[in-house]
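Trainee: below are the sequence and a predicted model for it; my questions follow.
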Amino acid sequence: MELRQWLPDLQRWEMGRRHGICSCLSTDDKFALLAIKTNIIDHLGILSNTWSATSNASICTWIGVSCDLNNQSVIALNLSVKGLAGTVTPIIGNLSFLTSLDISYNNFSGFVPKELSQLHDLQQLLLFNNSFTGLRFLVHEEFVSLVEYD
């Protein structure tokens, strides 16, 4: 399903999230992951097979996604060495329980979204071997020990 087909759902989800209406963590995380995917160029089609709006499979079975077994929220994304390119969308900040993000050894570029600094559970952030700019916001007391980048 293309972005324009599920965009109304994403907009309703964001409106509900802002007003405290949506309570389903895995649905929130699914929409966030799908929005993240729209900014990724996946020449090898690695994410195409599992990261799908029409998939009935749990997001916890998607390639590179690890979840908390109790509440089914995304706690880790490991997309390292997948031949991916593109940018990282600020929507990644909606993965509220994310503890680890590894997108190393790809070809991501652009600014690293400041929303990553709002993920209070984030313990590991691996960004090296990409072409990012704008990493300065990450280099402060709270993040200096967990960030690895070029």
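Mentor: Structure's in. What do you need? Numbers count the residues shown, from 1 in each chain.

Trainee: residue nearest the centroid of this structure?
Mentor: By CA atoms, centre = their mean, the chain has its centre lying nearest to residue 92, at 4.1 Å.

Trainee: give me the element the closest residue to that residue other than its chain neighbours is part of.
Mentor: Spatial nearest neighbour of residue 92, chain neighbours left out: residue 36 (5.8 Å); criterion: CB to CB, 6 or more residues apart in numbering. C-beta coordinates here come from the backbone N, C-alpha and C atoms, glycine included. Using DSSP states H and E, residue 36 maps to helix 25-38.

Trainee: flag every buried residue along that helix.
Mentor: Under the neighbour-count criterion of 16 or more other CB atoms under 10 Å, helix 25-38 has 25, 28, 29, 30, 31, 32, 33, 34, 35, 36, 37 buried.

Trainee: parallel or antiparallel, list what pairs with the next helix or strand after that helix.
Mentor: Sequence-wise, the next helix or strand downstream of helix 25-38 (DSSP H and E) is strand 40-42. If you go by DSSP bridges, strand 40-42 pairs up with strand 84-86 (antiparallel).

Trainee: ok, residues contacting the partner strand?
Mentor: Contacting residues not belonging to strand 84-86 are listed as 39, 40, 41, 42, 43, 46, 47, 103, 106, 107, 108, 109 [CB atoms under 8 Å, 6 or more residues apart in numbering].

Trainee: after it, next one along is what?
Mentor: strand 100-102.

Trainee: quick one: list the elements packing against that next one.
Mentor: Where contact means 3 or more CB pairs under 8 Å, 6 or more residues apart in numbering; DSSP states H and E, strand 100-102 is packed against strand 74-78, strand 124-126.

Trainee: pick out the shakiest of those, pLDDT-wise.
Mentor: The stretch with the lowest average pLDDT out of the helices and strands packed on strand 100-102 is strand 124-126, scoring a mean of 91.

Trainee: what lines up beside that strand in the sheet?
Mentor: Assessed with DSSP bridges, strand 124-126 is paired to strand 100-102 (parallel), strand 147-148 (parallel).

Trainee: quickly, which of these bottoms out on average pLDDT?
Mentor: strand 147-148 (a mean of 54).
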